[in-house]
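A.B. asks: Pasted the sequence and its predicted model underneath.
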Protein chains: 2
Amino acid sequence: MSTPSGPGRAALQHAGMRASNLALVLGQVADAGPLSRAQVAARTGLTKSSVSGLVADLVEAGLVTESAARGSGPAPGSASGGAGSTPTRDRGRPASSLHLDRQGAAGLGLEVNVDYLAAVVCDLGGAPRYRHVVTRDNRGPGAGEVARVLDELAALARAAEAAAAEQDLALAGIGIAVPGGVTDDRLVTAPNLHWTDLDLTPGLGALPVTPLGVRLENEADLAALGELWFGGQAPADFVQVSGEIGIGGGIVVGGRLFRGAHGRAGELGHVVLDPDGPACSCGGRGCLERLAGQDAIIAQAGVTDRDELLGRCRDGDETSVVAVRSAGRRLGVALATVTNLLDPDAVVLGGLFAELAPWLRPGVEESLGRHLAAPLRVLTSRLGADAAVRGAAGSVVRRIIADPAGYLALSAAGGAA
Amino acid sequence: MSTPSGPGRAALQHAGMRASNLALVLGQVADAGPLSRAQVAARTGLTKSSVSGLVADLVEAGLVTESAARGSGPAPGSASGGAGSTPTRDRGRPASSLHLDRQGAAGLGLEVNVDYLAAVVCDLGGAPRYRHVVTRDNRGPGAGEVARVLDELAALARAAEAAAAEQDLALAGIGIAVPGGVTDDRLVTAPNLHWTDLDLTPGLGALPVTPLGVRLENEADLAALGELWFGGQAPADFVQVSGEIGIGGGIVVGGRLFRGAHGRAGELGHVVLDPDGPACSCGGRGCLERLAGQDAIIAQAGVTDRDELLGRCRDGDETSVVAVRSAGRRLGVALATVTNLLDPDAVVLGGLFAELAPWLRPGVEESLGRHLAAPLRVLTSRLGADAAVRGAAGSVVRRIIADPAGYLALSAAGGAA
């Protein structure tokens, strides 16, 4: 009978410690690289010889690479090493410099939205290396229509895989953004797609096989993560509100996604603005989405589509500008409620709302001024409609950086289910 | 030059480890007591001799006490101790049983609300041992009026201290619930009291001196903690909404208070229900509080005060019942928005809303049904208006249990500032 004692237990403990040290070293290189081995040792508290062994493993795994450093002075902070520290022995010698390997492991982000499909490949540093967006009406409850959407998504994924391979990038995993709720990782309810309790497992079978496999997430949550990681402006506590056909929201608290008790938090599109207002696809009525979403603005502006709306706003067309400003006032009322409930440090306007910002923001500010005593910082996303798919790709490489040992084990095993 | 190495560092590490082990042992006794020393050892992974030393310190400090156990069998779980475990040596011997000391350290909770002052003393187990509520209109922006409120609060506190002493309870700290926002621990803005940026430091000087000192908190946040710890029904993720003159809210996520980026989260009373509605004391307009708070219900029911309202509802008076049901519908709309944003496991109705529950809930359920696809669990607090002051007292003893070493150090030093 095997018990967790003796050498077996020690080996297990050693493996656990090695896994957490690999993550510690890779995390430092990701957050603060390029770094020398001595700098990694100083930052992690590990010995230089431990760091060398861990770095060798990370280099062999294709996660870390090294080049001659631009400077070769002592590590920053080594002067404050306390009494007994001696001059750095590396001084004057060219130190090698560790950074994330931009070839090798990559993340594939896919997005199914109401009126487009998108694919982005990012490298281990999160930089986008390939992007492909196909405009397409994906709405429809029929099994045939859903199958066609997923077929096209799989074709997009295979094209992305081929393009990545040409850049010496190998897909480590796939994140898929969907405009709705995800339960049990595969069951999707996306009212604006007319998808209800739809099991995507069979339809996703044609996707490339990767070590980390496929994960589905709400697109607004991924847009918030995209904004946090790649947007270059969001603080650690913010709320993302993305206007598209629907209005999605993502709540970030202390740099992490706030998901709620059942993973359904952040549904900003369903803040109730008018209890007696029009029926909404969520089953409620008078929701923000019905009163300030793309369809509502387009109808009020009397235009046919998003492009015409943007063009008319740029041309100063009175009816369109008034329609957008009016949507901005409604959005501002909802954001006042959000602020009173969640007290974020900032709100980020994304998607269509970012594109419409010049005409939307005056209405937003007007309502915030009427309803809040303290000002709220309102930022405009610079990622536009790409926030969610970049968040989807980024969440794959974030998983590798958080647990490189787990990723390596799955790679060796030939991929996750 | 002193550096953190050698015996000094080892001693510091030892003190830190002892502090965390004291908290570990006390936490087990608090959560799962009564326990034998062997049970504590099994649950914490500490050796029996370590546990004996730590328990001796906790007993001497008056935080833990022991009595003959009702049963004297082996510790639960000791049968699953893995291969090589031997029969418990204690079997057949009467084991002593450790539990929190219900004499000694106690928490004083105070509450300043719009129309009453309250004091509760609880023992280390959180059980209320003394309660005193004084009905009083505390509103008024003048310095003289504020001083009179705080004088009366101090008198209440000294009476509570004397009553506690008669029960062999010594106040370990004081928590004060206020119906507003607290910044820098003493600066209070409570619109319904007409207090704006009011520094309570001088006025609180007459309170009893205690080891842990005085802490101010928002009353709705403390009511949520009171409900979590003492209400006997709330899950780990819930939203508390307390109706009084104002409407307060507290958000609990994973058993902890969610405070937001600036400590102002959970202002359910200021969910915007009608963008063009009446002006609110918060500076906004159309807030839930103005449309479904005590004053709004009383005005719509045409009664003079809360007691008359409750009496008339019990008597089946049509106008009062309609007014409360209408407030319930408005509250339900706000709770639909709260649910879409925060996705809690339940909502707890507290304060006046708990008292009005039989007539309020039909309206709440009606709106939830209209606006939410999935049902929301709505609970009615059994603590009534005591939730906040019990949370205030409980938060004092929770601090002792979380960090007994810190409490003992402050006790020895003669009290915090």
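C.D. replies: Good, I have the coordinates.
A.B. asks: Tell me, how many residues neighbour residue A:19?
C.D. replies: By the criterion of other C-beta atoms under 10 Å in any protein chain shown, residue A:19 has 16 neighbours. (C-beta placed from N, C-alpha, C; glycine too.)
A.B. asks: which sections of chain A are below the confidence cut-off?
C.D. replies: A:1-13, A:69-95, A:415-417 (pLDDT under 70).
A.B. asks: got the domain boundaries for it?
C.D. replies: Structural domains assigned to chain A are A:11-79+A:87-100, A:104-223+A:387-413, A:233-381, following automatic domain parsing.
A.B. asks: List just the one of those that sits closest to chain B.
C.D. replies: Closest to chain B of the domains of chain A is domain A:233-381 (C-beta to the nearest C-beta; 2.6 Å).
A.B. asks: hmm, back to that, any chance of CSV for the domains of chain A, columns distance to residue B:195?
C.D. replies: Below are these laid out as CSV (distance: least, C-beta to C-beta, whole Å):
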stretch, distance to residue B:195
domain A:11-79+A:87-100, 44
domain A:104-223+A:387-413, 38
domain A:233-381, 14
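A.B. asks: pretty sure residue A:181 is touching residue A:218, no?
C.D. replies: Yes - Residue A:181 is in contact with residue A:218 according to C-beta atoms under 8 Å; the separation is 6.4 Å.
A.B. asks: Touching both of the two, which residues are there?
C.D. replies: By C-beta atoms under 8 Å, 6 or more residues apart in numbering or on different chains, residue A:181 and residue A:218 have these common neighbours: residue A:263.
A.B. asks: which one of those two has more residues nearby?
C.D. replies: Between residue A:181 and residue A:218, counted using other C-beta under 10 Å, residue A:218 has the larger neighbour count: 27 against 17.
A.B. asks: Let me know the secondary structure of the closest residue to residue A:61 other than its chain neighbours.
C.D. replies: Among residues not flanking residue A:61 along the chain, residue A:408 sits closest, at 5.5 Å (C-beta to C-beta, 6 or more residues apart in numbering or on different chains). Using DSSP: H, G, I helix; E, B strand; the rest coil, the structure places residue A:408 in helix.
A.B. asks: Can you name the residues in contact with the strand or helix carrying residue A:364?
C.D. replies: Per DSSP states H and E: residue A:364 is located in helix A:357-371. Around helix A:357-371, the neighbours that count as contacts under C-beta under 8 Å, 6+ apart are A:313, A:320-321, A:324-333, A:335-336, A:339, A:349, A:353, A:375-376, A:378, A:380, B:272, B:275, B:284-286.
A.B. asks: After that helix, which helix or strand is next? Please name it.
C.D. replies: strand A:378-380.
A.B. asks: how many other residues sit next to residue A:318?
C.D. replies: Residues lying near residue A:318 (other C-beta under 10 Å) number 8.
A.B. asks: hmm, I was thinking of residue A:351
C.D. replies: 28.
A.B. asks: Next, the contact list for it, please.
C.D. replies: Here residue A:351 is in contact with A:223, A:242-244, A:248, A:381, A:384-385, A:387 (criterion: C-beta under 8 Å, 6+ apart).
A.B. asks: how about it, phi and psi?
C.D. replies: Main-chain dihedrals, residue A:351, degrees, to the nearest 10: phi 60, psi -140.
A.B. asks: Leaving out chain neighbours, which residue sits closest to it?
C.D. replies: Closest residue to residue A:351 apart from its sequence neighbours, by C-beta to C-beta, 6+ apart: residue A:242 at 3.9 Å.
A.B. asks: What's the separation between the residue lying closest to residue A:264 once chain neighbours are set aside and residue B:365?
C.D. replies: Using C-beta to C-beta, 6+ apart and skipping residues adjacent in sequence, the residue nearest residue A:264 is residue B:343, 4.3 Å away. Computed as C-beta to C-beta, to the nearest Å, the residue B:343 to residue B:365 distance reads 19 Å.
A.B. asks: The two: who's more crowded?
C.D. replies: For residue B:343 versus residue B:365, neighbours defined as other C-beta under 10 Å are more numerous around residue B:343 (22 against 16).
A.B. asks: ok, that one - contacts?
C.D. replies: Contacts of residue B:343 (C-beta under 8 Å, 6+ apart): A:259-267.
A.B. asks: again with residue A:253
C.D. replies: A:236-237, B:258.
A.B. asks: Could you count how many residues lie near residue A:133?
C.D. replies: Neighbour count of residue A:133, defined by other C-beta under 10 Å: 16.
A.B. asks: Is there proximity between the longest helix along chain A and chain B?
C.D. replies: When chain A is parsed with DSSP state H, its longest helix is helix A:6-32. No - if you take C-beta under 8 Å from any C-beta of the partner chain as the test, helix A:6-32 misses chain B, and the best it gets is 10.6 Å.
A.B. asks: hang on, residue A:275 in a helix?
C.D. replies: No - assessed by three-state DSSP, residue A:275 does not belong to a helix; its assignment is coil.
A.B. asks: Skipping its backbone neighbours, what lies nearest it in space?
C.D. replies: Excluding the flanking residues, the one nearest residue A:275 by C-beta to C-beta, 6+ apart is residue B:333, at 4.8 Å.
A.B. asks: Weed out the non-buried ones from the contacts of residue A:253.
C.D. replies: A:237, B:258 (16 or more other C-beta atoms under 10 Å in any protein chain shown).
A.B. asks: Looking at the contacts of residue A:253, which is nearest residue A:96?
C.D. replies: Using C-beta to C-beta, residue A:236 comes nearest to residue A:96 of these, at 32.8 Å.
A.B. asks: before we move on, the earlier item: and the angle for whatever helix or strand comes next after the longest helix of chain A with helix A:6-32?
C.D. replies: Moving toward the C-terminus from helix A:6-32, the next helix or strand (DSSP H and E) is helix A:37-44. Comparing the axes of helix A:37-44 and helix A:6-32 via axes from the mean of the first three to the mean of the last three C-alpha atoms, to 10 degrees yields an angle of 110 degrees.
A.B. asks: can you tell me if helix A:37-44 touches chain B.
C.D. replies: No - Helix A:37-44 lies out of reach of chain B by C-beta under 8 Å from any C-beta, never closer than 15.3 Å.
A.B. asks: what residues does the helix or strand following that helix touch?
C.D. replies: Downstream of helix A:37-44, the first helix or strand assigned by DSSP H and E is helix A:48-60. For helix A:48-60, contacts defined as C-beta under 8 Å, 6+ apart pick out A:18, A:21-22, A:25-26, A:29, A:37-38, A:40-41, A:44, A:46, A:64-66, A:98, A:101, A:404.
A.B. asks: Name the residues of the following helix or strand past helix A:48-60 that are buried.
C.D. replies: Heading C-terminal from helix A:48-60, the first helix or strand you meet, by DSSP H and E, is strand A:64-68. By neighbour count with 16+ other C-beta under 10 Å, strand A:64-68 contains the buried residues A:64-66.
A.B. asks: do stretch A:132-150 as well
C.D. replies: Within stretch A:132-150, the residues scored as buried using 16+ other C-beta under 10 Å are A:132-133, A:136, A:138, A:145-146, A:149-150.
A.B. asks: again, but for stretch A:353-360
C.D. replies: Buried positions in stretch A:353-360, judged by neighbour count with 16+ other C-beta under 10 Å: A:353-357, A:359-360.
A.B. asks: cool, and stretch A:362-373?
C.D. replies: A:363-365, A:367-368, A:370-372.
A.B. asks: For those residues, work out which two are farthest apart.
C.D. replies: The span of the buried residues of stretch A:362-373, defined through C-beta to C-beta, is set by A:363 and A:372 at 14.6 Å.
A.B. asks: follow-up on the earlier one: for the residue nearest to residue A:275, grab the count of nearby residues.
C.D. replies: For residue B:333, using other C-beta under 10 Å, the count is 30.
A.B. asks: Residue A:154 too?
C.D. replies: Considering only other C-beta under 10 Å, residue A:154 is surrounded by 17 other residues.
A.B. asks: Could you do the one 3 residues further on as well?
C.D. replies: The number of residues packed around residue A:157, counting by other C-beta under 10 Å, is 25.
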